[in-house]
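> Below are the sequence and a predicted model for it; my questions follow.
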Amino acid sequence: MSARGRVTLGVLLDSLGAETVSALSVPSGRQTLVGAPVIYGSDEPMTAFDGALLLVTGKPDPALLERAAEAGAAAVVVRAGIGDPELLAESASRAGVALLAAAPGLSWGQLYALVDALLAVVGPAADLGEAQAADLFALANQVAARVGGAVAIEDLAMRVLAYSTIDGQRIDELRREGILGRRVPAHPTHAEEYAGVLRSDEAVWSVEPKEFLPRLAIAVRARGEALGTIWAIEGDKPLEPDAAAVLAEAAQSAAPHLARISLAADKARRTRDEWLGWLLRGVGPVGELATSFGLRQDEPVAVVAIGARDGTDVFAATHAGDLLRTAYAAYRIRAAVGAVDGRTYAVVAADAGAPLLRRITADTLGQITDRLGGHWRAGLGRSVPSVASAPVSARQAEEALRAMCGPYGLGVVGAHEELSAAMFLMDVATSMRTSPSLLGEPLSRVTEHDAGHGTDYVHSLRVWVAAHYDVPKAAETLSLHPNTLRYRLRRIGELIALDEPDVRLVLALQLRLATKGVA
């Protein structure tokens with residue numbers, strides 16, 4: 001069913017389902033082997049695509065199909081409803097390349113993630129009593145047919161490894177989002193629902209969240225260790241009376257798959273993360289490490305560091321890394337991505353200032369926030385001439401991330417060269433916390449006057465400084481006559497030397513830090 005990281009076209013179509021992708025032309029049959037997905041702009045130059053699944057953005061033309069076949073692509077996916085399907089199908093047949101149509105509402109990033117996940121989990125399954133091997137998707141379909149409801153198979157991280165695609169079986173928005181996102185969306189009730197399933201040795205009903213359809217679920221175990229779960233949705237009709245027994249049988253069949261996937265994934269991830277840590281610290285054979293990640297030793301790179309303002313754990317950093325790796329790969333950005341010391345890093349073969357890198361990173365942060373919660377930010381180190389200099393960019397990325405997670409970072413992605421002011425203010429704020437005298441005059445004199453006389457001089461000063469000492473502009477913001485503000489500033493000048501440049505500088509810093517709750 002699979003070979004060298006590829007699956008047959010038949011497995012691809014059956015696993016993803018007709019609602020996701022459909023066949024327009026299959027000139028070489030369903031046994032055609034399909035490899036990794038590649039998002040390709042229809043106006044880009046054609047390079048070598050050894051058995052790839054080409055996801056063509058924009059409006060395709062017949063000549064593109066011929067070029068794709070010559071470049072070695074196994075199949076081409078176009079957007080349903082764009083272009084003449086009959087003309088494109090005829091051209092695909094002549095060129096000898098398979099042509100598929102993606103559902104209109106499915107983004108190319110989502111389709112990439114679905115295919116990428118499929119390539120990771122398909123493989124020979126245990127004998128299910130029908131004298132044939134099947135993968136996890138086939139197992140999900142067989143169970144769905146027997147229990148009478150849509151089925152999903154998940155790992156312990158709530159990642160959807162496989163799902164059924166039987167026509168007519170009802171699913172809800174929770175299931176739909178889980179399929180498209182490859183992970184069950186967050187919900188306050190999930191922790192207890194999943195805990196209940198994992199505590200039981202038999203299938204149990206899950207009825208939360210109440211706005212979605214009820215589910216019958218069972219834990220998948222090997223030698224007593226939980227590896228994942230299988231879920232069957234009860235749609236318009238009740239599940240079959242023997243549904244619990246069918247799920248128990250399916251759990252036994254799925255256990256070897258999940259054990260193999262878990263073991264391989266854990267081992268590969270640990271190795272990858274360890275090697276990435278070496279790159280970031282400049283330890284070990286740089287050339288070999290770079291090659292192992294698909295990077296060239298002598299090409300410019302930049303480091304991206306990702307974290308949450310309220311801190312991250314190993315699981316969150318790992319899942320964030322998976323999403324970031326998929327996003328970069330979808331746009332053919334070569335990168336070494338992983339989790340190191342509870343934080344997500346990427347050594348990227350791209351210019352740190354490239355708008356595409358920033359956009360993809362920002363979009364991925366949105367996905368991470370949606371799935372894991374929290375306030376995720378990214379810091380970009382400066383571009384360095386080679387992988388050997390990655391530690392320099394890594395330190396800058398960490399400094400940038402620290403600034404982005406602090407009170408002065410704006411937006412979600414910040415580059416090191418943009419954040420010098422924010423980093424300076426953070427250092428000053430740290431000094432002020434450890435040196436109480438720095439929290440005193442001149443601002444303390446004004447604060448004490450406000451407290452004792454009921455004035456609001458601090459607010460007036462803050463608006464005036466923010467207006468770059470422009471009295472008419474500040475007065476407009478304060479809804480005062482300019483002469484009123486000038487009088488107020490003269491009164492403040494009786495408390496502190498407001499005309500002295502150094503006093504103004506320190507006052508501006510104190511006001512800025514106080515705005516962020518530091519002073």
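Alright, I've got the coordinates.

> what are the ranges of the strands in the stretch 401-519 of the chain?
Using DSSP state E, counting those that start in this stretch, the strands of the stretch 401-519 of the chain run over 413-415.

> quick one: low-confidence parts of the protein?
Low-confidence segments of the chain, defined by pLDDT under 70: 1-5, 42-43, 117, 120-134, 179-183, 185-191, 262-268, 430-440, 514-519.

> Pull the contacting residues for the closest residue to Leu425 other than its chain neighbours.
Using Cβ to Cβ, 6 or more residues apart in numbering and skipping residues adjacent in sequence, the residue nearest Leu425 is Tyr408, 5.1 Å away. To be clear about C-beta, it is placed using only N, CA and C from the backbone, and glycine gets the same treatment. Tyr408 makes contacts with Ala421, Ala422, Leu425, Met426, Lys516, as judged by Cβ atoms under 8 Å, 6 or more residues apart in numbering.

> can I assume the third one is in contact with Gln510?
So that's Leu425. No - under the criterion of Cβ atoms under 8 Å, Leu425 makes no contact with Gln510, lying 11.4 Å away.

> need the next SSE after the lengthiest helix in the chain, C-terminal direction.
Once the chain is assigned using DSSP state H, the helix that runs over the most residues is helix 243-281. Downstream of helix 243-281, the next assigned helix or strand under DSSP states H and E is helix 286-292.

> Count the neighbours of Arg223 for me.
7 (other Cβ atoms under 10 Å).

> next one: phi and psi at it?
Phi and psi for Arg223, reported as degrees, to the nearest 10, are phi 50, psi 40.

> now do His481
Given degrees, to the nearest 10, the pair of backbone angles that His481 has is phi -80, psi 140.

> How about Ile218?
When read as degrees, to the nearest 10, the backbone of Ile218 gives phi -140, psi 150.

> ok, now Lys210?
Per-residue torsions, Lys210: phi -70, psi -20 (degrees, to the nearest 10).

> burial of it, as a residue count?
Lys210 has 7 neighbours, counted by other Cβ under 10 Å.

> residue boundaries of the strands in the stretch 251-400 of the chain?
302-308, 335-340, 343-348, 376-380.

> Select from the contacts of Tyr408 every entry located in helices.
Ala421, Ala422, Leu425, Met426.

> Next, format those residues as JSON lines and append neighbour count and distance to Val21.
Shown next, in JSON lines, are those (neighbours: other Cβ atoms under 10 Å; distance: Cβ to Cβ, whole Å):
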{"residue": "Ala421", "neighbour count": "11", "distance to Val21": "48"}
{"residue": "Ala422", "neighbour count": "20", "distance to Val21": "45"}
{"residue": "Leu425", "neighbour count": "20", "distance to Val21": "50"}
{"residue": "Met426", "neighbour count": "22", "distance to Val21": "48"}
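
> And those, which is closest to Ala451?
Ala451 has its nearest neighbour among the ones in helices among the contacts of Tyr408 in Leu425, at 25.8 Å by Cβ to Cβ.

> Spit out the contact partners of that closest one.
The contact partners of Leu425, taken as Cβ under 8 Å, 6+ apart, are Tyr408, Leu509, Arg512, Leu513.

> what does Tyr112 give?
Pro37, Ile39, Leu55, Thr326, Ala329, Ala330.

> quick check, it in a helix?
Yes - counting by DSSP: H, G, I helix; E, B strand; the rest coil, Tyr112 is found in a helix.

> and the gap between it and Ala400?
Distance, Tyr112 to Ala400, by Cβ to Cβ, to the nearest Å: 28 Å.

> And the contacts of stretch 488-499?
Contact with stretch 488-499 is made by 441-442, 445-446, 449, 457, 460-461, 464, 471, 480, 503-504, 507, as judged by Cβ under 8 Å, 6+ apart.

> wait, which of the residues you listed is closest to Ala102?
For the contacts of stretch 488-499, the nearest to Ala102 is Trp464 (56.9 Å; Cβ to Cβ).

> Could you measure from that closest one over to Thr477?
Distance, Trp464 to Thr477, using Cβ to Cβ: 9 Å.

> Mind checking which of the two has more residues around it?
Higher neighbour count among Trp464 and Thr477: Trp464, with 24 against 14, using other Cβ under 10 Å.

> For Ala400, see how far away the nearest residue to that one once chain neighbours are set aside is.
Nearest residue to Trp464 in three dimensions, chain neighbours excluded: Ala474, at 4.3 Å (Cβ to Cβ, 6+ apart). Counting by Cβ to Cβ, the gap from Ala474 to Ala400 is 32 Å.

> Spit out the contact partners of the closest residue to Val348 other than its chain neighbours.
In space, and not counting its chain neighbours, Val348 is closest to Ala335: 4.4 Å by Cβ to Cβ, 6+ apart. Contact analysis of Ala335 by Cβ under 8 Å, 6+ apart lists Phe293, Leu295, Leu324, Arg325, Tyr328, Ala329, Ala346, Val347, Val348, Ala349, Ala350.

> how about a cut-off of 7 Å?
For Ala335, the contact set (Cβ atoms under 7 Å, 6 or more residues apart in numbering) comprises Arg325, Tyr328, Ala346, Val347, Val348, Ala349.

> Reformat the contacts of Leu425 as TSV; add distance to Arg272.
TSV is the format used below for the contacts of Leu425 (distance: Cβ to Cβ, whole Å):
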residue	distance to Arg272
Tyr408	34
Leu509	44
Arg512	42
Leu513	41
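
> Quick one: buried ones out of those?
Buried members of these, counted by 16 or more other Cβ atoms under 10 Å: Tyr408, Leu509, Arg512, Leu513.

> Specify which member of the residues you listed is nearest to Pro385.
Tyr408 (30.0 Å).

> What count of nearby residues applies to Tyr328?
Neighbour tally, Tyr328, other Cβ under 10 Å: 23.

> sorry, back to before: for the contacts of Leu425, which one is nearest Ala101?
Tyr408 (48.1 Å).

> Might one say that Leu247 is in contact with Ala203?
Yes - the criterion here is Cβ atoms under 7 Å, and Leu247 meets it with Ala203 at 4.6 Å.

> rewinding a little: what would the ones in helices among the contacts of Tyr408 look like in a markdown table with distance to Ile496?
A markdown table is the format used below for the ones in helices among the contacts of Tyr408 (distance: Cβ to Cβ, whole Å):
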| residue | distance to Ile496 |
| --- | --- |
| Ala421 | 24 |
| Ala422 | 27 |
| Leu425 | 22 |
| Met426 | 26 |
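
> who does the closest residue to Arg325 other than its chain neighbours bridge with?
For Arg325, ignoring the flanking residues on the chain, the nearest one in space by Cβ to Cβ, 6+ apart is Val337 at 4.1 Å. On the basis of DSSP bridges, Val337 is bridged to Ala346.

> Thr364 versus Val337, what's the distance?
When distance is defined by Cβ to Cβ, Val337 is 10 Å away from Thr364.

> Overlap in contacts, those two.
Leu324.

> hang on, the earlier thing: what comes up buried for the longest helix of the chain?
By neighbour count on 16+ other Cβ under 10 Å, the buried set for helix 243-281 is 243-244, 246-247, 249-251, 253-259, 261-262, 265, 272-273, 275-280.

> Count the residues that sit near Gly228.
By the criterion of other Cβ under 10 Å, Gly228 has 25 neighbours.

> now Gly282
Around Gly282 sit 14 other residues, with neighbours defined as other Cβ under 10 Å.

> And the residue nearest to Ala317 when sequence neighbours are not counted, how close does it get to Pro472?
Excluding its sequence neighbours, the residue lying closest to Ala317 (Cβ to Cβ, 6+ apart) is Ala339, at 3.8 Å. Ala339 is 53 Å from Pro472, where distance means Cβ to Cβ.

> For those two, indicate the residue with more neighbours.
Using other Cβ under 10 Å as the criterion, Ala339 and Pro472 rank with Ala339 on top: 26 against 11.

> Good, we can wrap up now.
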